[in-house]
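Novice: sequence unavailable; structure follows:
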């Protein structure tokens with residue numbers, strides 16, 4: 001009987017800890033990059049992400065533009081302002097892990113709306129190709 005009570009108490013403690021963890025705010029970091037087919041060396045600040053960029057995109061070079069971050073309360077919203085009028089409107093979605101609904105805008109006009117499952121340290125890659133392959137905006141999105 002004692003073991004059953006201990007097991008029940010442990011289960012309740014783990015449930016409470018899980019609920020407290022899920023209620024923690026999430027911090028989202030975004031890096032704005034321009035990609036092009038110009039034969040140039042990639043920006044050294046992007047070295048940690050170069051393999052991911054090459055694997056996901058068909059461009060030859062990548063240039064760091066700027067980065068920003070924002071905390072998002074559990075089941076809340078936030079906006080990350082990036083350079084040249086780019087912004088990410090973020091909303092945490094209810095699910096296991098970190099899942100964020102992202103609306104990427106440029107000077108107020110929507111460019112992309114998507115939902116991203118984010119793992120800490122692993123970037124999600126957003127790209128919106130236009131008619132040209134020079135200076136294509138790319139955003140790396142990370143959960144912290």
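Specialist: Arrived safely, thanks for sending. Every value quoted in this text rests on a predicted model; they were computed, and no experiment measured them.
Novice: how far away is residue 35 from residue 26?
Specialist: Note on residue 35: its distance to residue 26, by C-beta to C-beta, to the nearest Å, is 27 Å. For every residue, glycine as well, the C-beta is placed using N, CA and C.
Novice: so who does the residue nearest to residue 60 when sequence neighbours are not counted touch?
Specialist: Computed as C-beta to C-beta, 6 or more residues apart in numbering, the closest residue to residue 60 that is not its neighbour in sequence is residue 37, at 5.0 Å. Listed by C-beta atoms under 8 Å, 6 or more residues apart in numbering, the contact partners of residue 37 are 59-61, 133-134.
Novice: quickly list what residue 100 is bridged to.
Specialist: Under the criterion DSSP bridges, residue 100 forms beta bridges with residue 92, residue 116.
Novice: oh, I was asking about residue 142
Specialist: Applying DSSP bridges, one finds that residue 142 bridges with residue 29.
Novice: where does this structure have its least confident helix or strand?
Specialist: helix 2-22 (a mean of 40; mean pLDDT, DSSP states H and E).
Novice: what is the mean pLDDT for stretch 122-142?
Specialist: What stretch 122-142 shows for mean pLDDT is 85.
Novice: would you turn the contacts of residue 37 into TSV with secondary structure and distance to residue 106?
Specialist: Formatted as TSV, the contacts of residue 37 follow (DSSP: H, G, I helix; E, B strand; the rest coil; distance: C-beta to C-beta, whole Å):
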residue	secondary structure	distance to residue 106
59	coil	18
60	coil	23
61	strand	21
133	coil	18
134	coil	16
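Novice: out of those, who's the most crowded?
Specialist: residue 59 (21 neighbours; other C-beta atoms under 10 Å).
Novice: that one contacts residue 36, doesn't it?
Specialist: Yes - using C-beta atoms under 8 Å, residue 59 is in contact with residue 36, at 6.0 Å.
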